[in-house]
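Undergrad: Here's a sequence, model it:
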Amino acid sequence: MANQVFTTRSACPVRYVISNPSSYAYLDANRPSGDGPEFRPYGDARNCTAYDNWPYGLRNRTGAAAKLTEEELRKRIVSRPGDIPAQRLDTLPLAGSIRRVRRWAQGPSRLARGQSYAAYLKENFGARGTALR
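TA: Next comes the predicted model:
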């Protein structure tokens with residue numbers, strides 16, 4: 001979403017592949033509810049105060065993302081064509097590090113996080129180009 005290269009007038013069509021990251025940058029404070037395809041403010045924000053910090057959310061952005069407004073980032077990710085490959089067997093629960101808590105806010109496995117993020121972009125921001133494959 002912070003890429004400066006893509007333009008809609010490019011000679012070569014560009015399609016982004018968001019390939020199995022450990023987490024996604026959510027565009028607001030909502031996260032998967034855990035009991036269905038519903039998104040609401042993260043319920044454990046009191047114990048995980050950094051759940052919405054970059055790269056898990058848009059707060060405290062760094063690098064190229066810090067140079068853009070939140071609105072610009074939102075417009076970019078929902079307007080750019082992209083795929084989120086579903087790793088059907090990548091369902092192991094999280095393990096290790098403090099970052100685990102921030103990722104847990106997005107789902108218990110890479111598969112769950114990818115499914116939730118694709119649904120989140122479509123349902124909450126009208127993304128047309130992002131598809132879970």
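Undergrad: May I see the buried residues of stretch 31-38?
TA: 31-32 (16 or more other C-beta atoms under 10 Å). Glycine gets a C-beta too; all of them are placed from N, C-alpha and C.
Undergrad: cool, stretch 17-25 as well?
TA: Using 16+ other C-beta under 10 Å as the test for burial, stretch 17-25 gives 18, 23-25.
Undergrad: mind checking the end-to-end distance for it?
TA: Across stretch 17-25, the terminal residues are separated by 15 Å (C-alpha to C-alpha, to the nearest Å).
Undergrad: Repeat that for stretch 82-102.
TA: First-to-last residue span, stretch 82-102, C-alpha to C-alpha: 24 Å.
Undergrad: what residue is smack in the middle of this structure?
TA: Centroid-nearest residue in the chain, with C-alpha atoms, centre = their mean: Tyr24, separated by 2.9 Å.
Undergrad: residue contacts, that one?
TA: Taking C-beta atoms under 8 Å, 6 or more residues apart in numbering, we find Tyr24 in contact with 18, 56, 106, 113-114, 117.
Undergrad: Pick the one among the buried residues of stretch 17-25 closest to Arg61.
TA: Ala25 (8.7 Å; C-beta to C-beta).
Undergrad: so where does the closest one fall, helix or strand?
TA: Assigned by DSSP states H and E, Ala25 belongs to no helix or strand.
Undergrad: Next, work out how far apart the residue lying closest to it once chain neighbours are set aside and Arg128 are.
TA: Nearest residue to Ala25, sequence neighbours excluded (C-beta to C-beta, 6 or more residues apart in numbering): Pro55, at 5.2 Å. According to C-beta to C-beta, to the nearest Å, Pro55 stands 24 Å off from Arg128.
Undergrad: So if I had to pick from those two, which one is more boxed in?
TA: Counted by other C-beta atoms under 10 Å, Pro55 and Arg128 do not tie: Pro55 has more neighbours, with 19 against 11.
Undergrad: Tell me which residues touch that one, please.
TA: Taking C-beta under 8 Å, 6+ apart, we find Pro55 in contact with 23, 25, 65.
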